Every structure is written in C-alpha cells, then in structure tokens.
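Q: Sequence and computational prediction follow.
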Amino acid sequence: MALAALCLAAPASAQIASFRHIILVIQENRTPDNLFQGLCTTPTACSTQPSAKQYNIKTTAWLDNSGTTNPAAVQFGLGYDLSHAHSAFVAMCDLNASGACAMDGAANVKCKPQAQPCPTKPAFGYVIPSQVQPYLDMVAAYGWGNYMFQTNQGPSLSAHQFLFGATSAPSKDDDHSGIFAAENPISLPTGCAVPTSWVWLINPKGAEFGKIINCFEHRTLADLLEERGVSWRYYGYNEDGIWMAPNAIKHICLAVGQDLAVGQNCTGKPFTSNVHLNSSDVLSDIFTNCKLRGVSWVTPDSFDSDHMNSVKNTGGPSWVASIVNAVGKSPCKNPDGSSYWDSTAIIVTWDDWGGWYDHEPPTIEAYPQGGYQMGFRVPLIVVSAYNPTPSGFISNTPEDFGSIARFIERNFGIMEGELTFADARSTTDLTEFFNLGNPARPFQAINAPLSAKYFLTRKPSGLPVDDE
C-alpha cells in the first residue's frame, strides 16, 4: 500500500465493547504550562480552576520563592537542559510545613548549558505555540487531561518503568515497602545485560540511600497481557538505553538460566519477540504490514524526542501526528472487519516534567510510597473514535501513570490493580475519555510539517534518546 494512501478518510462505523489495540506514545520532559500555552487562545479558554470546557494552564505570575515571574517565550528546540533528578523535584516542590508542595522553587532548578548558555531563570519558559501546532490541534480535536501527574518524583528511567510495569521498584516487596529506583543510571549503557549498570535507590522518607544493578524482577503489564493471550510490542531505539523499559526486567531481557554477564544485548525470548529497535516500524505495522499488537509502547528517535538538550530535537509533534494519522487512515482490517481507527485508543503522555515550571501541585502519597510519589504534572492527550464530544473533550479527573495501567487492564479483562503497584494505588482509569456506546466518529487528520514518509525513509540519528 503506497504511503500516499494515508490521505484517504476513514469511515464511521458501529459501537464496540472494548479496544482491540492500545498505543501508548511516550514523549519526554515537558509540563502543560511549558508546552501548551497555545491552548489559551481566548481570555476564557484557560483557568487555574477550570470548568469542563477550560484548560488548566497558567499564563502569568508563575510562582517564584522571591515573588512571581512572568514566563518567557522559548524555542521548542533548545541547546541547554534543566535538571529533572529527584533533587530537582525537591527544589521545585519546596515542601511546606503541612507536607504539600508550595510550587515556588523552580528558580532553584539547575540548568546545564550545552549548545546554548542557560538564560536567567531557565525553568520559567513556555514554547512558542506555532512550533508545536500538531499537539495543539490534537488536543482541539480529541481529548486532554488537565490533571495527569507522573507517578514518580524523578527522571526518565524510573518513569518508563512505571509506564511499563507500574513501578520502578526492584521487586514486588520493595514496591510495597516504598523502595524505588530513583534516578537515571550512574553510567550508560544500562539494563539487565549490563552488569555494571547501577541506579540509586530511594527510601520511604525520600532519601537516596544506596545503589543497585539496574535489573529488576517483578511482573509487568506485558506479563499480564501474555497471561490473557494479548500481544504486545515495545518500539524504541538504543537497546541498552534508559527508555528501553523491558531491558531492566530480568525475565524479559535474559534467557532462562542466564546471569547478568551477557554483554549488552537482551537475549530472552520475551525481549527478542516483542521489542523493535526502530520506532518507525510502528508506522509500517499500522499502515502496511497490518500487524498492530494489542498494546504498543512507542518511544521516539532522539531527534523526535521533546527533550530539550539539542536544538535538533524538534520532530516530536510531527512524529506523534504521523502515528495518529496512520491509525486514522490505515487500510488494515481486524478479523471482524473493523478498521484500526474504529478499534484503537492512542494515549500520548510525557514521561517527566523535564525541570520546567508547572503551577499545579501534586498530592504526595501516604507512607511508605510518599517518599517518591507523586511527581509533577505532565501533558496527556487521548485520541480515539469514541471521545465523548465531537471535538476537544477536557477531563478534570486526577490521573497518573497508574491510571494508564488500569485502563490497559480494564480494557483486556484484567482486574484493575492486578500488579499491586501504582495500578492498585491509583483510583482512576481514563474511562471518562471514551463513550464506547456511541458510533465511531470520522477521523480528523492532524496537519504536520513532517509526514509519515519522512520518518519511514529517514536514517535514524543513532543518538541516545536521553543520556543524562
């Protein structure tokens, strides 16, 4: 099927009982206040106490522990980077005497110059809206979550573990005791196939107290899916990188009977059968190969990541739009004759806040998990043929990465909270974004500067998605 056929429109069809396919697209390092100022096109479009038709975006008077600071417009691609380690969370949160985040410490978040010097108060910036227009159009057409929080109070490695397995703890017992992997690895490469890959642990009091090899052993969402006969696939680059969540799960990465000293390649059958080391393969599986799995985790090439440490990282909005458009216009059919558009939910979220300012305080969980949960707010876009409104649905329901896990569990007939991790501690499951009793709405394409053909024919960057 030629790529030009992506211009075809998808027809509407009847109701469904559940989705056949869920695609979780994971972007990086942004907050709603930083990335989505463009939603506030009218004086009443945004509010810090939003109604059902308002976005929770703060446009002025961002809190600073010396007063307030008005944000400055910044380029989407930037050559400096803000810390988003656990220490940066502590600085920005500025926990007050009542145990709540004051949210006035963003000026204390450290900045690392790279291709560009750090400006004054670098966390107080918002992206020029025209540079991320595909994201804004997605929100206007489909669904937006005002209160999506990352579950962990730290950076990418632990965030991706929560998105894949609802915890960054080394084991089930550690999760229940409030002990988690807190930071990115001390050095790269990482994962179970790298016996020198160490990560710092954090205890229930929020103190980092020791380190452990980045190889964990507990059940994940992938295990639950396999037990139900549901297929899954993880798309990403850098097999031994921190975004490759399956590489840190021993029974997925390593073959039976293997120890940690196996080089830098995962050889376990669950890994070799389900992990694709080219993110663009998801476009082929959606549109040409007709091999979309039950659940797909999708991470981008470095140039298509929203990470801010390179001026070249600007492909993200087009990359996400290409996935949405491929689903909406795919000629592929399911065994029952339904289309991919009629049977797929697309969830787009960002793994952590990236050090950027956000005005909305998280709710710190109870002991023992409260030493590392909850983290800051991140964007959430939900796309399907069954959004409750014909355009621009807005949810004011509190969500976190555990809510995504619960949605996947519920959709495939798994008891919500089955892992007993964040999926059990969360109380919501994204169901407000869907009305499966309605007929499928026609697909609304997302315009983007870069097309699916660009991503399918471009040579991968070969760079780590995140190398902090």
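A: Yep, that arrived. Fair warning: this is a prediction, and the values are worked out from it, not measured in the lab.

Q: From here on, just use CA atoms for contacts and neighbour counts.
A: OK.

Q: in the stretch 201-350 of the chain, which segments are predicted with low confidence?
A: Low-confidence segments of the stretch 201-350 of the chain (pLDDT under 70): 260-262.

Q: ok, 90 please
A: Low-confidence segments of the stretch 201-350 of the chain, defined by pLDDT under 90: 237-240, 256-265, 302-303, 308-313.

Q: which residues of it fall in strands?
A: Assigned by DSSP state E, counting those that start in this stretch, the strands in the stretch 201-350 of the chain fall at 208-213, 232-235, 275-276, 295-298, 344-350.

Q: Same check on the stretch 351-468 of the chain?
A: 380-383, 393-395, 399-400.

Q: Sheet partners, orientation included, of the second one?
A: In other words, strand 393-395. The sheet places strand 393-395 alongside strand 143-145 (parallel), with pairing taken from DSSP bridges.

Q: any idea which helix or strand comes after the strand it pairs with?
A: Helices and strands here follow DSSP states H and E; after strand 143-145, the next one along the chain is strand 148-149.

Q: chain center to that next one, what's the gap?
A: 10 Å (Cα atoms, centre = their mean, to the nearest Å).

Q: which strands and helices sit next to whatever helix or strand comes next after that strand?
A: Tracing the chain C-terminally past strand 148-149 and defining elements by DSSP H and E, one meets helix 156-165 next. On a contact count with 3 or more Cα pairs under 8 Å, 6 or more residues apart in numbering; DSSP states H and E, helix 156-165 meets helix 221-227, helix 401-411.

Q: which one of the ones you listed is the most hemmed in?
A: For those, the largest average neighbour count (mean count of other Cα atoms under 10 Å) is found in helix 401-411, namely a mean of 24.

Q: That one versus helix 156-165: what angle between them?
A: Put simply, helix 401-411 runs at 20 degrees to helix 156-165, going by axes from the mean of the first three to the mean of the last three Cα atoms, to 10 degrees.

Q: In this structure A440 contacts A385, no?
A: Yes - in this structure, A440 is within contact of A385 by Cα atoms under 8 Å, at 4.9 Å.

Q: Those two: who's more crowded?
A: Neighbours around A440 and A385, counted as other Cα atoms under 10 Å, are more numerous at A385. The numbers are 28 against 21.

Q: quick one: contacts of the longest helix seen in the chain?
A: Ordering each helix of the chain by length in residues (DSSP state H) puts helix 316-329 first. Residues outside helix 316-329 that contact it (Cα atoms under 8 Å, 6 or more residues apart in numbering) are 5-10, 25, 27, 132-135, 138, 282-283, 286-287, 300, 303-306, 340-341, 344, 346, 383, 443-452, 455.

Q: ok and that helix relative to strand 344-350, angle-wise?
A: Using the same axes, to 10 degrees: helix 316-329 against strand 344-350 is 170 degrees.

Q: quick one, what contacts W144?
A: Contacts of W144 by Cα under 8 Å, 6+ apart are 379-382, 392-395.

Q: change it to 10 Å
A: By Cα atoms under 10 Å, 6 or more residues apart in numbering, the residues touching W144 are 55, 136, 138, 348, 379-383, 392-396, 433.

Q: would you list every one of the helices in the stretch 101-250 of the chain?
A: Assigned by DSSP state H, counting those that start in this stretch, the helices in the stretch 101-250 of the chain fall at 133-141, 156-165, 172-177, 221-227, 250-253.

Q: As JSON lines, the ones you listed with distance to C111 would be great.
A: Output for those, formatted as JSON lines (distance: least, Cα to Cα, whole Å):
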{"stretch": "helix 133-141", "distance to C111": "26"}
{"stretch": "helix 156-165", "distance to C111": "17"}
{"stretch": "helix 172-177", "distance to C111": "31"}
{"stretch": "helix 221-227", "distance to C111": "35"}
{"stretch": "helix 250-253", "distance to C111": "34"}
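
Q: and those, which is most packed in?
A: helix 156-165 (a mean of 27).

Q: now that helix, how far from the chain's geometric center?
A: Using Cα atoms, centre = their mean, the offset of helix 156-165 from its chain centre is 9 Å.

Q: And stretch 279-292, by the same measure?
A: Relative to the mean C-alpha coordinate of its chain, stretch 279-292 is positioned 20 Å out (Cα atoms, centre = their mean).

Q: And stretch 186-204, by the same measure?
A: On Cα atoms, centre = their mean, the centre of stretch 186-204 falls 21 Å from that of its chain.

Q: And for stretch 372-390?
A: 10 Å.

Q: Stretch 226-243 now?
A: Counting by Cα atoms, centre = their mean, stretch 226-243 comes out at 14 Å from the chain centroid.

Q: Just the buried positions in it, please.
A: Within stretch 226-243, the residues that count as buried by 16 or more other Cα atoms under 10 Å are 230-243.

Q: would you turn those residues into CSV with distance to I249?
A: Written out in CSV, the entries for these read as follows (distance: Cα to Cα, whole Å):
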residue, distance to I249
V230, 19
S231, 18
W232, 15
R233, 15
Y234, 13
Y235, 16
G236, 16
Y237, 17
N238, 16
E239, 13
D240, 12
G241, 13
I242, 12
W243, 13
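
Q: Can you name the residues that contact the nearest residue to S391 once chain neighbours are set aside?
A: Of all residues not flanking S391 in the chain, A141 sits nearest, at 4.5 Å (Cα to Cα, 6 or more residues apart in numbering). Counting by Cα under 10 Å, 6+ apart, A141 makes contact with 135, 382-383, 387, 389-393, 443-446.

Q: Nearest to G417 among those?
A: V382 (21.3 Å; Cα to Cα).

Q: if I look at the closest one, how far off is V320?
A: 12 Å (Cα to Cα, to the nearest Å).

Q: Which neighbours do those two have in common?
A: Joint contacts of V382 and V320 (Cα under 10 Å, 6+ apart) are 138, 348.

Q: what's the neighbour count on N184?
A: 26.

Q: Tell me who's in contact with it.
A: 84-86, 154-159, 190, 198-200, 214, 242-243, 466-468.

Q: so what's the closest residue in space to K205 that isn't next to it in sequence up against?
A: Leaving out its chain neighbours, the residue that sits closest to K205 by Cα to Cα, 6+ apart is G371, at 4.8 Å. Applying Cα under 10 Å, 6+ apart, we find G371 in contact with 152-153, 178-180, 202-208, 364-365.

Q: same check, this time on T431
A: 387, 403-404, 406-407, 410-411.

Q: Now the two most distant members of these.
A: Those two in these that are separated most widely, counting by Cα to Cα, are N387 and R406, at 18.1 Å.

Q: so can I have a markdown table of the strands of the stretch 351-468 of the chain showing distance to T48 and mean neighbour count?
A: Output for these, formatted as a markdown table (distance: least, Cα to Cα, whole Å; neighbours: other Cα atoms under 10 Å):
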| stretch | distance to T48 | mean neighbour count |
| --- | --- | --- |
| strand 380-383 | 17 | 24 |
| strand 393-395 | 14 | 24 |
| strand 399-400 | 17 | 26 |
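
Q: Compile the ones you listed into JSON lines and extend it with columns for distance to A100 and mean pLDDT.
A: JSON lines is the format used below for the strands of the stretch 351-468 of the chain (distance: least, Cα to Cα, whole Å; pLDDT from 0 to 100):
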{"stretch": "strand 380-383", "distance to A100": "23", "mean pLDDT": "98"}
{"stretch": "strand 393-395", "distance to A100": "23", "mean pLDDT": "97"}
{"stretch": "strand 399-400", "distance to A100": "18", "mean pLDDT": "98"}
